[in-house]
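*Asks:* Output the structure for:
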Amino acid sequence: MKRIAILGSTGSVGVNACRVAAALSGRIEVTALAAGRNTALLIEQARQFRCRTVAVQDPALKPELEQALPGCRVLCGPEGLIELVKSADVDMILCAIVGTAGLLPVMEAVRAGREIALASKEVMVMAGEPVMNLVKEKKTVLIPVDSEHSAIFQCLNSLDSGKAANLILTSSGGPFRKVSREIMEKATFEQALAHPVWSMGEKISIDSATLMNKALEMIEAHFLFDCPEDRIQVLVHPQSVIHSMVEFPDGVVLAQLGVPDMRFPIQYAFTWPDRVDGGLERLDLAKVGHLDFEEPDTERFPALDLARAAIRAGGTMPCVMNAANEAAFVRFKNGEIGFTDIIAVIEKTMEQHNNIRNASLDDILEADRAARAFAAAVRRGS
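*Replies:* Down below sits the predicted model:
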């Protein structure tokens, strides 16, 4: 039995992880859960798995959880999250925390020798180099859970891209793949949430609409697979059946295909290196009928070029791009800026940043703080 802690258990990925764990109850034991403020769902999950430990963001919620979960240890705040990942009854943590809040818990889990199933791409974008250096130093396992990076991991059967010529990330193209720039400028928050294939949380859905999600994945692939920017490609594939591909030096391309369901990469991370039947839907290619591909339009979706610039710059620039994106998302949701202003805010934030190469963790955290502050205040025309 592999003992797993799920960080972000009440979010989209976390809920799917709980579904996978329930289907694999003979192999997986969920011993700990962490969530933000959704105590009703957290309590339900903790009772289902008879968890020994739960963590919640707000200390004011601790009495409610202690009353509802007698005998369960209740931890609070960032310190509680770190205590949870270091628990002796945890073998692997699934980090599905949206945003950058997962960075320190992931690093502490690596230091404690825990296996990592990583669904929070922001962790790698923000601090990919120190995280991967620590993974190598501690000789632990990190398995990507993003469907694209899981696909590449499966094609390579490792995090080593040295035997690959190119990594090819696929993208559905999002809800605005076929619309004009003028329509995108007027897009509402609700329209941008309407992803054509995947059912995801608000932040990831908006990132998919701007293709910033793919931009973040490019940076994540750069750090995960130690792959230079010019060997990372993006291909629009509206059906989202091919989750990513690897081209090898001889010209052969391996692709990982499957029904677009986040439970597949979660299940693979939980059971790696084995493959088991978790009762998930099988891919019927005849029913799919056809697979389409096209080059991304970087004029309408400049996020991909920003990612390439961030990778080339290195240092704290990827962190700044991510932080600015998170701040711009909040402003768009609150109606302060338009949809296309999201990328403009990110670009302005990157332009004013004084990049630090060979950055320490303190440098990264300060760059993150400063970028958020700038992006939260910068005017669209300034």
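*Asks:* what's the biggest strand by length in the chain packed up against?
*Replies:* In the chain, assigned by DSSP state E, the strand with the most residues is strand 28-35. Secondary-structure packing of strand 28-35 (3 or more C-beta pairs under 8 Å, 6 or more residues apart in numbering; DSSP states H and E): strand 2-7, helix 12-23, helix 39-49, strand 53-56, helix 77-85. In this view, the C-beta of every residue, glycine as well, is placed from N, C-alpha and C.
*Asks:* Out of those, flag the one nearest A68.
*Replies:* Closest to A68 of the helices and strands packed on strand 28-35, according to C-beta to C-beta: helix 39-49, at 4.6 Å.
*Asks:* Distance from the chain centre to that closest one, please.
*Replies:* 23 Å (C-alpha atoms, centre = their mean, to the nearest Å).
*Asks:* Return the set of buried residues in that helix.
*Replies:* For helix 39-49, the buried set under the neighbour-count rule, 16 or more other C-beta atoms under 10 Å, comprises 39, 41-43, 45-46, 49.
*Asks:* do the same with stretch 343-353
*Replies:* Using 16+ other C-beta under 10 Å as the test for burial, stretch 343-353 gives 343-350, 353.
*Asks:* give the contact list for P260.
*Replies:* Contacts for P260 (C-beta atoms under 8 Å, 6 or more residues apart in numbering) come out as 147, 197-198, 240-241, 243.
*Asks:* and the gap between it and S147?
*Replies:* 7 Å (C-beta to C-beta, to the nearest Å).
*Asks:* any common contacting residues for these two?
*Replies:* Joint contacts of P260 and S147 (C-beta under 8 Å, 6+ apart) are H243.
*Asks:* Which ones among the contacts of P260 lie within helices?
*Replies:* Per DSSP state H, helices hold the following members of these: S147.
*Asks:* among the contacts of P260, which are in strands?
*Replies:* H243.
*Asks:* tell me the domain ranges of the chain?
*Replies:* Recorded structural domains for the chain (assignment: automatic domain parsing) are 2-140, 157-260+286-304, 314-382.
*Asks:* Count the residues that sit near E326.
*Replies:* E326 has 21 neighbours, counted by other C-beta atoms under 10 Å.
*Asks:* what element comes up after the helix or strand where it lies heading to the C-terminus?
*Replies:* E326 is part of helix 317-333, with elements assigned from DSSP states H and E. Sequence order places helix 341-352 as the next helix or strand after helix 317-333, per DSSP H and E.
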